[in-house]
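Engineer: pasted the sequence and its predicted model underneath.
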Amino acid sequence: MSKIWVFIDQFKGTALPASWEAVGVGKTLGDVTCLVFGESVENIANEAFHYGADQVLLADNEILADFRTEPFASLLSGLAEQGQPDVILFPTTTRGRDLAAMTAIDMNTGVLVDVTAIENVDGDILATRPIYGGKLFSKVKCNARPQLLTLRSRAFPKPKPNTSLSGTPTKVDINITEDQIGTKVTGYAESEGGVSLMDAAVIISGGRGVSNNPKLTPPADLDAADQEKWRAQEGFKLVGELASVVGGAVGASRAAVDAGYIPYAHQVGQTGKVVSPDLYIACGISGAIQHLAGMRSSKVIIAINKDPDAPIFKLARFGAVGDLFDILPPLTEALRSRLGK
Amino acid sequence: MKIVVCVKQVPDSAARVVVEDGQVTWGDAPLVINPWDEYAVEAAINTAEATGGSVTVLSMGKENEKEAIKHALAMGCSEAILVSDPALAGCDGAAGARVLAAAVEKIGDVDLIILGKQAIDTDTGTAPAMIARILGWPALTLVSAIDAVGDVIKVQRATEEGRQMVESKLPAVLSIIKDYGEPRYPSFMGIRKASRAQVPVWGLGDLGIEAPTAVVSWPEVMNPPHKEISNEMVEGDTPHEIAEKLAEKIMAEKVL
């Protein structure tokens, strides 16, 4: 039976959902050992058993309180030299990607990044991953061992946790000291606006069109550029209200980000985030090729745009030609009442 | 402070990239500097100016692939090096990182390597952490702001949860994201200087290394699976009516 290791990415004691998706993939490949590294993270080790881990390696130490790639990679590659896994899976998160990259160097192997599908060919993993921002796909394989893969969020189903499953984590020692580590985390600032685009089941995105509401009169003391931004922010409020009613995240086109309407963290597309939610509602987005590449794999796409010839409509299951300022408020209310909120 | 900025040449993000007869093609779309790398060049030049240092632009590619380098020179980098060798055909991410790390060692006394977040063609985003690990330096990826550079470097990084403030010893490797700020346009003088620049080309022999073994192979590239989408336009006499119909349709898809 293949030995599959899964790195559980967590932040301040909460595992990211993509970690459990990786456990689900691991279960289809062999015997799963979850790696839980951090400080005061025994609860995550227990949770890993609920999600189906056969074993858990738990490194619980104050030196691991903040994720830092260098000590995490040293710990992981040291354990893997001893344990000889066939495969190590990571969620494609900011931490997972860096950790997989450093571990691949330590272990003289390769990493298949941001994988969206896998085939198991007698223990050799043939993975599929998007390239060119989702414009193409590539099949890739790693001809050294262990095979390292990072799995894209939401590309694989999350297993249902079963609280009757339990086990005893194997505690592992850390022989890394603070003076061996070159970096220090000095603080955090939380992002405004909640839901992360990568984990979101629903994304409501706004484009350049959000600043075009003819019915608004911006404050007269603003100059033209600030008036445009003020209009855009009013437009994004409508996008945000719909997002909050459906529990979704707010996305944006590159045009909207470049115009300074909304921070870059919201950008969807080839030079932003590549997403695949269950529902994607594009508001005032015409559909530049680099935007379409970043959201085309969404399950259901809805487009609202004034221009009936906008390319976004070609990808849309449902389209509505009209002014987003007229359609979004009643759509928000209609969904609010249907969802009983 | 001696800074190296790594750049790559890629098809323009507006290009229609498709697979024809098993080969990736982008028609006559131009090859440009990887868009992420422009932010890296901007950060490198600003940091060099703030510390009285220099910026060397480093790229790996075919001998005629100098667009990205020329763009970085035109933005204001002072030196350029292209690593090119026929033996590098088919090299994977880790192998490429080993070659770039060897080039940085040959350049010598480098304090900071700066890269873009990822290349928009291969989309792996692993080069910064890999290069750092090969050199034994820390990697600070997804940097949105450089707050201070002296004996240590203080940066802000973007993570899933928001921003993280980190300080690190030097030398170190940074990757830069768009939040850093708009890259400058090349000046007229810069473009003239770049067009005249002789870019030294280093082969593997110059670096004193063999071609690193590639362990990742890509047996197949494919166009995205064709998705049958039945487009349906929702119409109505009033926006309110359209909204009601849309809400019905969305609920019927059972995605909420």
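Structural biologist: Structure's in. What do you need? Numbers count the residues shown, from 1 in each chain, chains lettered A, B, ... in the order given.
Engineer: B:V32 is in contact with B:A72, isn't it?
Structural biologist: No. The pair B:V32 and B:A72 fails to qualify as a contact (CB atoms under 8 Å) at a distance of 11.6 Å. Glycine gets a C-beta too; all of them are placed from N, C-alpha and C.
Engineer: which of these two has more residues huddled nearby?
Structural biologist: Neighbour comparison, B:V32 and B:A72: the larger count goes to B:A72, with 31 against 19 (by other CB atoms under 10 Å in any protein chain shown).
Engineer: quick one: contacts for that one?
Structural biologist: The contact partners of B:A72, taken as CB atoms under 8 Å, 6 or more residues apart in numbering or on different chains, are B:5, B:7, B:33, B:37, B:41, B:57, B:80.
Engineer: can we see that at 6 Å?
Structural biologist: With contact set as CB atoms under 6 Å, 6 or more residues apart in numbering or on different chains, B:A72 has these partners: B:7, B:41, B:57.
Engineer: just the ones of the residues you listed in helices?
Structural biologist: Under the assignment DSSP state H, those contribute B:V41 to helices.
Engineer: turn the contacts of B:A72 into JSON lines, including pLDDT and neighbour count.
Structural biologist: Conversion of the contacts of B:A72 to JSON lines gives the following (pLDDT from 0 to 100; neighbours: other CB atoms under 10 Å in any protein chain shown):
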{"residue": "B:V7", "pLDDT": "98", "neighbour count": "29"}
{"residue": "B:V41", "pLDDT": "98", "neighbour count": "29"}
{"residue": "B:V57", "pLDDT": "98", "neighbour count": "30"}
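Engineer: rebuild the contacts of B:A72 as CSV, extending it with distance to chain A.
Structural biologist: What follows is the contacts of B:A72, written out as CSV (distance: CB to the nearest CB, whole Å):
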residue, distance to chain A
B:V7, 15
B:V41, 15
B:V57, 20
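Engineer: in the stretch 151-300 of chain A, which spans are strands?
Structural biologist: With DSSP state E, counting those that start in this stretch applied, the stretch 151-300 of chain A shows strands at A:170-171, A:183-190, A:202-206, A:249-252, A:279-283, A:300-305, listed in chain order.
Engineer: are the last one and chain B in contact anywhere?
Structural biologist: Yes. Strand A:300-305 lies in contact with chain B when judged by CB under 6 Å from any CB of the partner chain; the contacting residues are A:V300.
Engineer: separation between B:A194 and chain A?
Structural biologist: If you measure B:A194 against chain A using CB to the nearest CB, to the nearest Å, the figure is 23 Å.
Engineer: with B:A127 instead?
Structural biologist: B:A127 sits 8 Å away from chain A, going by CB to the nearest CB.
Engineer: where exactly do the helices run in the chain?
Structural biologist: All of this is about chain A. Along chain A, the segments classed as helices by DSSP H run A:17-29, A:42-50, A:69-83, A:94-106, A:224-246, A:254-258, A:289-295, A:312-315, A:324-338.
Engineer: that was the other one, I meant chain B.
Structural biologist: B:35-51, B:67-75, B:93-107, B:127-135, B:188-196, B:204-207, B:239-252.
Engineer: most packed of those?
Structural biologist: Per-residue neighbour counts averaged over each of the helices of chain B give the maximum for helix B:127-135, namely a mean of 27 (mean count of other CB atoms under 10 Å in any protein chain shown).
Engineer: follow-up on the earlier one: would you turn the strands of the stretch 151-300 of chain A into TSV with mean pLDDT and mean neighbour count?
Structural biologist: Putting the strands of the stretch 151-300 of chain A into TSV (pLDDT from 0 to 100; neighbours: other CB under 10 Å) gives the following:
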stretch	mean pLDDT	mean neighbour count
strand A:170-171	98	12
strand A:183-190	94	13
strand A:202-206	98	28
strand A:249-252	96	28
strand A:279-283	98	28
strand A:300-305	98	25
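Engineer: can you tell which of these is closest to B:E160?
Structural biologist: Taking CB to CB as the measure, the strands of the stretch 151-300 of chain A were each checked against B:E160, and strand A:183-190 came out nearest at 10.7 Å.
Engineer: tilt between the closest one and helix A:69-83?
Structural biologist: Relative orientation of strand A:183-190 with respect to helix A:69-83: 110 degrees, computed using axes from the mean of the first three to the mean of the last three CA atoms, to 10 degrees.
Engineer: which bits of the stretch 151-300 of chain A sit near chain B?
Structural biologist: The stretch 151-300 of chain A comes close to chain B at residues A:182-191, A:196, A:246, A:264, A:270-271, A:278-279, A:290, A:300, as judged by CB under 6 Å from any CB.
Engineer: ok, so of the contacts of B:A72, who is nearest A:T93?
Structural biologist: Taking CB to CB as the measure, B:V7 is the one of these closest to A:T93, at 26.0 Å.
Engineer: ok, and what's touching the lengthiest strand in chain B?
Structural biologist: Longest strand of chain B, by residue count under DSSP state E: strand B:139-149. If you take CB under 6 Å, 6+ apart as the criterion, strand B:139-149 is touched by A:69, A:94, A:98, B:47, B:51, B:128-129, B:132, B:154-158, B:166, B:168, B:172-177, B:179-180.
Engineer: filter those down to the buried ones.
Structural biologist: Listed as buried from the contacts of strand B:139-149 are A:69, A:94, A:98, B:47, B:128-129, B:132, B:154-158, B:166, B:168, B:172-177, B:179-180; burial here means 16 or more other CB atoms under 10 Å in any protein chain shown.
Engineer: what about B:P225, how many neighbours?
Structural biologist: For B:P225, the number of neighbouring residues by other CB under 10 Å comes to 8.
Engineer: oops, could you answer that again for B:M233 instead?
Structural biologist: Counted with other CB under 10 Å, the neighbours of B:M233 add up to 13.
Engineer: check contacts around the residue lying closest to it once chain neighbours are set aside.
Structural biologist: Closest residue in space to B:M233, ignoring its immediate chain neighbours: A:G319 at 5.0 Å, by CB to CB, 6 or more residues apart in numbering or on different chains. With CB under 6 Å, 6+ apart as the criterion, the residues that contact A:G319 are A:303, A:313, B:233.
Engineer: quick check: A:G319 vs A:E333, distance?
Structural biologist: 20 Å (CB to CB, to the nearest Å).
Engineer: mind checking pLDDT for A:E192?
Structural biologist: What the model reports as pLDDT for A:E192 is 61.
Engineer: can you check A:M198 too?
Structural biologist: The per-residue confidence score, pLDDT, reads 87 for A:M198.
Engineer: can you count the residues close to the closest residue in space to it that isn't next to it in sequence?
Structural biologist: Here the nearest residue to A:M198 in space, its sequence neighbours aside, is A:S153; by CB to CB, 6+ apart that works out to 4.5 Å. Other residues within reach of A:S153, judged by other CB under 10 Å, total 26.
Engineer: what's the answer for A:G247, then?
Structural biologist: For A:G247, the neighbour count with other CB under 10 Å is 14.
Engineer: now swap in A:W5 and tell me
Structural biologist: Residues within reach of A:W5, counting by other CB under 10 Å, total 27.
Engineer: local confidence estimate at it?
Structural biologist: The predicted local confidence for A:W5 is 98.
Engineer: tell me the contacts of residue 208?
Structural biologist: The chain I'm using is chain A. Residues near A:R208 by CB under 6 Å, 6+ apart: A:255-256.
Engineer: of all the residues in stretch B:23-33, which ones are buried?
Structural biologist: B:24, B:26, B:31-33.
Engineer: what sits against B:R163?
Structural biologist: Taking CB under 6 Å, 6+ apart, one finds A:189, B:156 in contact with B:R163.
Engineer: just list whatever residues bridge to the nearest residue to B:R157 once chain neighbours are set aside.
Structural biologist: Nearest in space to B:R157, with sequence neighbours left out and distances taken as CB to CB, 6+ apart, is B:Q164 at 4.7 Å. Taking DSSP bridges as the rule, B:Q164 bridges to A:Y188, B:R157.
Engineer: cool, thanks, signing off.
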